[in-house]
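Enquirer: the sequence and its predicted three-dimensional model are supplied below.
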Amino acid sequence: MKYDRNSLKAEEFINDEEINDTVRYANEHKDDLELIDKILEKAKKRKGLDHRDASVLLACTDASRIRKIYDLAEQIKKDFYGNRIVLFAPLYLSNYCVNGCLYCPYHIKNKNIPRKKLTQEEVAKEVIALQDMGHKRLAIEAGEDPVNNPIEYILECIDTIYSIRHKNGAIRRVNVNIAATTVDDYRKLKDAGIGTYILFQETYNKTEYERLHPTGPKHDYAWHTEAMDRAMDGGIDDVGIGVLFGLDNYSYEFAGLLMHAEHLEAVHGVGPHTISVPRVKRADDIDPDDFDNSLDDEMFCRIAACIRIAVPYTGMIISTRETPEVREKIIRLGVSQISGGSRTSVGGYCEEERPHDTEQFDVSDNRTLDEVVNWLMRAGYIPSFCTACYREGRTGDRFMELCKSGQIQNCCHPNALMTLKEFLLDYASEDTVRLGDEVIEREIGNIPSSKVQDIVRDRLTRIVEGDRDFRF
Ligand code: SF4
Ligand code: SF4
């Protein structure tokens with residue numbers, strides 16, 4: 001198999017030999033300061049880096065250059081995403097699953113875990129609970145099970161989610177994280193009005209992939225790896241990729257992840273909308289110590305920084321798998337979206353206490369959404385509940401063009417302030433309201449156009465009067 005980013009064959013665009021060569025090259029040059037400086041200069045142009053150059057930065061051992069990598073990642077984050085952080089929550093629909101993934105407690109052989117699938121009435125209750133927290137953007141999750149969770153079930157759930165209007169609440173964007181499927185099914189998801197289709201590769205190493213997925217349809221490496229091409233063929237132009245760090249060597253995964261992004265850009269003209277960086281966590285019958293590729297917080301943050309530099313236009317997501325401390329550090333380096341107030345069990349949002357019986361993983365950040373919003377503002381960020389782009393038809397290459405021209409900033413900033421105001425009025429605690437109003441007042445002044453500032457002031461008044469859902 002020869003490396004070819006334009007190929008539609010998994011083993012050609014994610015080519016094992018090319019990845020091993022890249023990792024070897026990066027290790028050979030990890031102390032080559034002249035080369036590292038050249039790559040950093042290239043990166044400063046904010047056009048991104050290819051997997052080879054980015055891998056050299058990841059392998060770099062020189063303390064002063066590592067500092068420069070972090071500084072540049074922070075600067076790129078500020079330039080492209082400002083100080084906004086978009087918030088979302090996962091919604092687990094069903095933990096029935098026919099796959100045998102060794103790192104997930106929903107694997108078919110786990111007979112201890114209760115199996116649950118939400119009815120439409122239960123979906124509605126979960127959505128009301130999420131709306132009552134203040135969420136506007138969800139990522140739905142379900143195991144792979146053609147009998148219990150067929151595509152019709154997923155579509156019905158999406159319809160239900162979009163249909164619920166509770167008080168001032170509404171879920172305005174549903175992202176979907178379900179198993180690799182057919183072009184026809186992706187078309188149906190597109191027609192149902194989904195935001196991003198998310199599918200983690202778990203590991204790009206085919207041998208490891210097959211070992212970690214011993215049974216079930218997910219065992220097929222090519223079917224899984226080529227899923228995003230089918231999704232795009234089905235009309236979904238915002239796709240989210242990611243690996244589960246800890247399963248295989250991080251340098252290998254990092255190169256594979258970037259090669260996947262390069263492939264999507266080369267073939268479809270648009271790279272991934274988001275990249276997620278989850279790490280293996282403890283859960284029911286899963287012990288992260290069983291996986292010997294775990295990486296420390298320092299290297300985890302370095303990976304995030306190098307991703308930020310390599311693909312400046314791609315959003316980066318971090319979940320509540322990570323502690324507040326790690327989240328704070330990594331947000332600075334390039335993360336643009338985080339989950340908040342998450343429950344990772346089926347039906348978890350309707351329970352008074354966080355239930356653990358059907359959890360997919362242990363949550364390390366147990367704060368409520370209000371606490372997360374408050375914390376973000378204290379750390380200098382604007383929490384945003386914006387969902388404007390796909391609702392305004394800004395997806396795929398239209399989104400990327402706007403992003404690359406810098407024009408998107410004129411939408412993100414005012415949208416963040418207006419959706420934050422909605423949150424303050426409808427869901428926030430007293431202290432968060434006080435803090436939030438100060439943030440909004442201060443940040444209006446940072447909108448470059450005075451005309452847009454005036455529009456935002458007018459809309460904020462109308463939000464106080466009861467109007468909702470303004471967007472640029
Ligand atoms: S990772 Fe997904 S496919 Fe694998 S067992 Fe868990 S729910 Fe099923
Ligand atoms: S305007 Fe678009 S890119 Fe900006 S925060 Fe909203 S949805 Fe995201």
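Expert: Alright, I've got the coordinates. Ligands and ions are numbered 1, 2, ... in the order given.

Enquirer: give me phi/psi at the closest residue to ligand 1 within the stretch 351-472 of the chain?
Expert: Residue nearest to ligand 1 within the stretch 351-472 of the chain: residue 360 (6.8 Å; C-beta to the nearest ligand atom). Heads up, the C-betas are built off the backbone N, CA and C, glycines and all. Dihedral pair for residue 360: phi -80, psi -30, per degrees, to the nearest 10.

Enquirer: now swap in residue 242 and tell me
Expert: Here is the backbone geometry of residue 242 (degrees, to the nearest 10): phi 180, psi 160.

Enquirer: again, but for residue 240
Expert: Main-chain dihedrals, residue 240, degrees, to the nearest 10: phi -120, psi 130.

Enquirer: the strands in the protein, which residues?
Expert: For the chain, applying DSSP state E gives strands covering 84-94, 137-142, 173-177, 197-198, 239-242, 274-276, 315-318, 337-339, 382-384.

Enquirer: close to ligand 1, is the second one?
Expert: No - residues of strand 137-142 contacting ligand 1 under C-beta under 6 Å from any ligand atom: none, with a closest distance of 7.6 Å.

Enquirer: cool, and the longest one?
Expert: No - Strand 84-94 stays clear of ligand 1 (C-beta under 6 Å from any ligand atom), getting no nearer than 9.1 Å.

Enquirer: doesn't residue 238 make contact with residue 273?
Expert: Yes - proximity of residue 273 to residue 238 meets the contact threshold set by C-beta atoms under 8 Å, at 3.9 Å.

Enquirer: let me see the contact set for the residue in the stretch 201-350 of the chain that ligand 1 sits nearest to.
Expert: Nearest residue of the stretch 201-350 of the chain to ligand 1: residue 218, at 5.2 Å (C-beta to the nearest ligand atom). The neighbours of residue 218, taking C-beta atoms under 8 Å, 6 or more residues apart in numbering as the test, are 99-101, 144, 179-180, 224.

Enquirer: any idea what whichever residue of the stretch 151-300 of the chain sits closest to ligand 2 is bridged to?
Expert: In the stretch 151-300 of the chain, the residue that lies nearest ligand 2 is residue 173 (7.8 Å; C-beta to the nearest ligand atom). Here residue 173 sits in beta bridges with residue 137, as judged by DSSP bridges.

Enquirer: isn't it up against residue 390?
Expert: Yes - judged on C-beta under 8 Å, residue 173 makes contact with residue 390 at a distance of 6.4 Å.

Enquirer: so what sits against both of those two?
Expert: With C-beta under 8 Å, 6+ apart, residue 173 and residue 390 have common neighbours residue 195.

Enquirer: the helix-or-strand element of the chain with minimal mean pLDDT: how far from the chain's middle?
Expert: Here the helix or strand of the chain ranked lowest by mean pLDDT, DSSP states H and E is helix 396-405, holding a mean of 84. In terms of C-alpha atoms, centre = their mean, to the nearest Å, the centre of helix 396-405 is set 18 Å apart from its chain centre.

Enquirer: tell me which residues of it are tucked away?
Expert: For helix 396-405, the buried set under the neighbour-count rule, 16 or more other C-beta atoms under 10 Å, comprises 396, 399-400, 402-403.
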